[in-house]
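Enquirer: Next input, structure requested:
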Amino acid sequence: MTRIDDGAPFPLGATWDGRGVNFALFSAHAAAVDLCLFEPTGRRETDRIRLPRRTDQVWHVYVEDLRPGQLYGYRVDGPYEPQRGHRFNRHKLLIDPYARQLFGRIRWHDALFGYKLGTHRGDLADRRDSAPMMPKCVVEDPSHTWGDDRPPRRPWVETVIYEAHVKGLTELHPDVPGPVRGTYAALGHPAVIEHLVKLGVTAVELLPVHAFADDRFLVEKGLRNYWGYSTLAFFAPELRYLGEEGVVGFKAAIRALHDAGIEVILDVVYNHTAEGSHLGPTLSFRGIDNASYYKVSPENPRFTWDSTGTGNTLDLSHPRVLQMVLDSLRHWVEAYHVDGFRFDLASTLARDPHDFTQQAGFLRAVGQDPVLAQVKLIAEPWDVGSGGYQVGGFPPGWSEWNDQFRDTVRAYWRSDPGQLPALARAMTGSREIFGPSGRQPWASVNFVCAHDGFTLHDLVSYNERHNEANRENNQDGHSHNLSWNCGVEGPTDDPAVLALRARQKRNLLATVMLSQGVPMLLMGDELSRTQGGNNNAYCQDDAISWFDWAEGAATDPELLPFVQTLMALRRRYDAFRRRDFLTGAAVPGNGLKDVYWLAPEGREMTTHYWTEGLRRTLGMQLGNDAADGQRFLILLNAAPDPVDFKLADPLRGRWAQVFDTGIPDGLVRGAPAVLEQGGTFRLEPRSLALFQYAGPAEAA
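Expert: Numbering: from 1, shown residues only. Here you go, the predicted model:
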């Protein structure tokens, strides 16, 4: 006979103390809660225990002699009154919101829904048992020895982010053993880490690793949720990446990355869950306390309120839901030693209750938390609700994905007119966006490609999206891509088109790496990874999304050395990693400005030049106040014709060429060309050249 005690309301979740397990579950509106225990295969329920006590809306029980590895779930009884926002159904097995691990996967069946599907009377309660189709929670063994793991804790000004997918990065890596590929452990394989170190990145930003669902509509089409933005459990690592080493393999990989000086940032999804709209399945939160966990419509609580486009929105204005999110974040920092988070649709998290505000409880709580205030915080600063576009709207302590940088740089190199003013703002850290909140240039995370959209190679190879494999009639994904196929849609053997594409890739990458802010590189862009024109590969867990290391290297063999050169330059020189914004102000002591904007005629840009819409050539001279005295000249020409750039004042002195995308491969081999004051440099069509100050002009 199972021996139980009242237990304690804290901590929430299942906690093993060496002799038994304490279970605690928040539900404000439940009438009763049952703990269901399962045998090791998860097929048979072995015991059902009514939680005997409720303290401050937390139901709890202590069960003696249970050990780590025990499978469990909950059944929660209460009113089934959708008109009041309540959807309790004791016939549905529910995932513990604090579950540290899951066992098994969802097997889609109508019994997973709390109401009868297809009835003309609407969402009436369904009495079928969902347990056979549900994953089970696992009591975790919390013991793990980290040894002397020391997270790098790099300052923002030194950070270079590499956005990657656990499986996509490693599934086709030729040097990773077959059984390990696609797992957390593969992230820590020496071959993967060697590539990242040689590349020069300082942080890996992983697409979601919280346990997530393969949505029913995808499974019925023979597809899977590849990206992972459909969370089931905020404390549990996704099962499909565990491999033979399990959670230990994930922690070992983080330790190996740390040993190499690389931080680990998790892309986290706290704005919604896998349960969808009011007509979605009952898997966890909906059945535990729908009216507390989710924002419901103020006009009709039957419906969920949605600012995410997924059908539901977690209610972080509720103190227990906010507590869960903060507990989850601390769990990943303390139990997994992660170094930061990128928050999906972060504007939703700061809606308190329905409108975005910098004074939202979530933002204030994170800012004062002694654990979370020390890690990197990155916002995706938008959602799909009214007032949701909040680029620049987050408080100090936060960095943000800067889509204005992305769109400006894409438009400029596509040769769109009128882009020079926006380009200058983007390359100097977007002070107009982030300065008013008292932040520095690293508040801007600069990128031209991310998981959501074209890869870099596809950005210069396709004018249109080609998402037919998603089976949505090519209607999904962005239609406004600011891409250019360089004359041919998709693959080609035309050497002129291939050369132009190679040049455009280098132009885009160089602009990201030489701009102020935090650069982010999409997995595989350094080796020309392609998705065949698919700009929304969220459901493609196959060769469309995976990083084909061999094919990428063959497409443009010299691209990787070029990217490595860019990152080495950024790492070496403070001029590209400023702690303050460039403003054009005079530098004390030398009479120069911190940045000069130059026209090809050799003069500083005037209002006339800035407003000349068809002008597509610009010079940027910076580094006059750098600690090491290094000065650089960046010349950009997005025009289809060459431009002669005159080296006049304030470019007095000699300048040595560092790289030039206008030459094959972009790399200067042998002795660099040296330009003298008063000379001219021919800037090839659609090219970018970098020069470094080489000293005073030689006497005549």
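Enquirer: for the stretch 1-150 of the chain, which spans come out with low pLDDT?
Expert: 1, 120-123 (pLDDT under 70).
Enquirer: Tell me which stretches of it form helices.
Expert: Along the stretch 1-150 of the chain, no stretch is classed among the helices by DSSP state H, counting those that start in this stretch.
Enquirer: Output the below-cut-off pLDDT ranges for the stretch 551-700 of the chain.
Expert: Confidence mapping of the stretch 551-700 of the chain against pLDDT under 70 gives the ranges 627-629, 650, 699-700.
Enquirer: quick one, helices of it?
Expert: 559-572, 607-610.
Enquirer: Need the winner for burial among those.
Expert: Ranked by mean neighbour count, those are led by helix 559-572 with a mean of 18 (mean count of other C-beta atoms under 10 Å). To be clear about C-beta, it is placed using only N, CA and C from the backbone, and glycine gets the same treatment.
Enquirer: And the contacts of that one?
Expert: Outside helix 559-572, the residues that touch it by C-beta atoms under 8 Å, 6 or more residues apart in numbering are 158, 160, 198-201, 502, 505-506, 509-510, 513-514, 519, 521, 526-528, 553, 576-577, 658-659, 665-667, 690.
Enquirer: Strands - which of these land there?
Expert: 519, 521, 658-659, 690 (DSSP state E).
Enquirer: Hmm, residue 522 is touching residue 451, no?
Expert: Yes - counting by C-beta atoms under 8 Å, residue 522 does reach residue 451; the two are 6.8 Å apart.
Enquirer: what touches both of the two?
Expert: Residues touching both residue 522 and residue 451 (C-beta under 8 Å, 6+ apart): residue 163.
Enquirer: Which neighbouring elements make contact with the lengthiest helix in the chain?
Expert: Scanning the chain for the helix with the most residues, using DSSP state H, yields helix 495-514. The contact analysis (3 or more C-beta pairs under 8 Å, 6 or more residues apart in numbering; DSSP states H and E) places helix 495-514 against helix 403-413, helix 456-459, strand 518-522, helix 559-572, strand 632-637, strand 687-695.
Enquirer: between that helix and helix 559-572, how big is the angle?
Expert: Helix 495-514 runs at 20 degrees relative to helix 559-572, counting by axes from the mean of the first three to the mean of the last three C-alpha atoms, to 10 degrees.
Enquirer: how about helix 495-514: buried residues?
Expert: Counting neighbours by 16 or more other C-beta atoms under 10 Å, one finds that the buried residues in helix 495-514 are 497-498, 500-514.
Enquirer: Alpha carbons of that helix, as PDB, please.
Expert: Extracted C-alpha coordinates of helix 495-514, given in PDB (Å, rounded to 0.1, in the frame of the first residue of the first chain):
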ATOM      1  CA  PRO A 495      29.300  31.700 -64.100                       C
ATOM      2  CA  ALA A 496      28.400  35.400 -64.100                       C
ATOM      3  CA  VAL A 497      25.400  34.900 -61.900                       C
ATOM      4  CA  LEU A 498      27.300  32.600 -59.600                       C
ATOM      5  CA  ALA A 499      30.100  35.200 -59.200                       C
ATOM      6  CA  LEU A 500      27.500  38.000 -58.500                       C
ATOM      7  CA  ARG A 501      25.800  35.800 -55.900                       C
ATOM      8  CA  ALA A 502      29.200  35.100 -54.200                       C
ATOM      9  CA  ARG A 503      29.900  38.900 -54.100                       C
ATOM     10  CA  GLN A 504      26.500  39.700 -52.700                       C
ATOM     11  CA  LYS A 505      26.900  37.100 -49.900                       C
ATOM     12  CA  ARG A 506      30.200  38.700 -48.900                       C
ATOM     13  CA  ASN A 507      28.700  42.200 -49.100                       C
ATOM     14  CA  LEU A 508      25.900  41.200 -46.700                       C
ATOM     15  CA  LEU A 509      28.100  39.400 -44.300                       C
ATOM     16  CA  ALA A 510      30.700  42.200 -44.200                       C
ATOM     17  CA  THR A 511      28.100  44.800 -43.500                       C
ATOM     18  CA  VAL A 512      26.900  42.800 -40.500                       C
ATOM     19  CA  MET A 513      30.300  42.200 -39.100                       C
ATOM     20  CA  LEU A 514      31.600  45.700 -39.600                       C
END
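Enquirer: tell me the angle that helix makes with strand 687-695.
Expert: 50 degrees.
Enquirer: sorry, back to before: turn the helices and strands packed on helix 495-514 into TSV, including distance to residue 35.
Expert: Converted to TSV, those look like this (distance: least, C-beta to C-beta, whole Å):
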stretch	distance to residue 35
helix 403-413	46
helix 456-459	50
strand 518-522	44
helix 559-572	52
strand 632-637	63
strand 687-695	62
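Enquirer: Figure out which of these is closest to residue 70.
Expert: Residue 70 lies closest, by C-beta to C-beta, to one member of these: strand 518-522, at 41.0 Å.
Enquirer: for the closest one, packing partners?
Expert: Other helices and strands packing on strand 518-522, by 3+ C-beta pairs under 8 Å, 6+ apart, are strand 161-164, strand 444-446, helix 495-514.
Enquirer: partners of that strand, with directions?
Expert: If you go by DSSP bridges, strand 518-522 pairs up with strand 161-164 (parallel), strand 444-446 (parallel).
Enquirer: CA-only coordinates of that strand in PDB, if you can.
Expert: The C-alpha coordinates for strand 518-522 follow below in PDB (Å, rounded to 0.1, in the frame of the first residue of the first chain):
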ATOM      1  CA  VAL A 518      26.000  42.500 -31.800                       C
ATOM      2  CA  PRO A 519      26.300  40.400 -35.100                       C
ATOM      3  CA  MET A 520      24.300  37.200 -35.500                       C
ATOM      4  CA  LEU A 521      25.100  34.600 -38.100                       C
ATOM      5  CA  LEU A 522      22.600  31.900 -39.200                       C
END
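Enquirer: close enough to count as contact, residue 384 and residue 311?
Expert: No - contact criterion C-beta under 8 Å: residue 384 and residue 311 do not qualify, at 11.4 Å.
Enquirer: Settle it for me: which of those two has more neighbours?
Expert: Ranked by neighbour count (other C-beta atoms under 10 Å), residue 384 and residue 311 place residue 311 first, with 18 against 14.
Enquirer: ranges for the strands of the stretch 51-200 of the chain?
Expert: 53-55, 58-64, 71-77, 80-81, 86-87, 101-103, 136-138, 161-164 (DSSP state E, counting those that start in this stretch).
Enquirer: Among these, which comes closest to residue 587?
Expert: Judged by C-beta to C-beta, the one of the strands of the stretch 51-200 of the chain that comes nearest to residue 587 is strand 161-164, at 30.1 Å.
Enquirer: The helices and strands packed on strand 518-522 into TSV, with extra columns for distance to residue 38 and mean pLDDT?
Expert: Shown next, in TSV, are the helices and strands packed on strand 518-522 (distance: least, C-beta to C-beta, whole Å; pLDDT from 0 to 100):
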stretch	distance to residue 38	mean pLDDT
strand 161-164	35	98
strand 444-446	43	98
helix 495-514	50	98
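Enquirer: how about these in TSV, adding distance to residue 307?
Expert: Listed next are those as TSV, based on distance: least, C-beta to C-beta, whole Å:
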stretch	distance to residue 307
strand 161-164	24
strand 444-446	22
helix 495-514	30
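Enquirer: re the thing from before, nearest to residue 98, of the ones in strands among the contacts of helix 559-572?
Expert: The closest of the ones in strands among the contacts of helix 559-572, once distances to residue 98 are taken by C-beta to C-beta, is residue 521, at 34.8 Å.
Enquirer: Do you know the pLDDT at the closest one?
Expert: Note on residue 521: pLDDT of 98.
Enquirer: residue contacts, it?
Expert: Residues counted as contacts of residue 521 (C-beta under 8 Å, 6+ apart) are 160-163, 199, 201, 447, 509, 512, 563.
Enquirer: Among those, which pair sits farthest apart?
Expert: Taking C-beta to C-beta as the measure, the contacts of residue 521 span a maximum distance of 15.5 Å, between 199 and 447.
Enquirer: Comparing the two, which shows the higher neighbour count?
Expert: Applying other C-beta under 10 Å to residue 199 and residue 447 shows that residue 447 carries more neighbours, namely 24 against 17.
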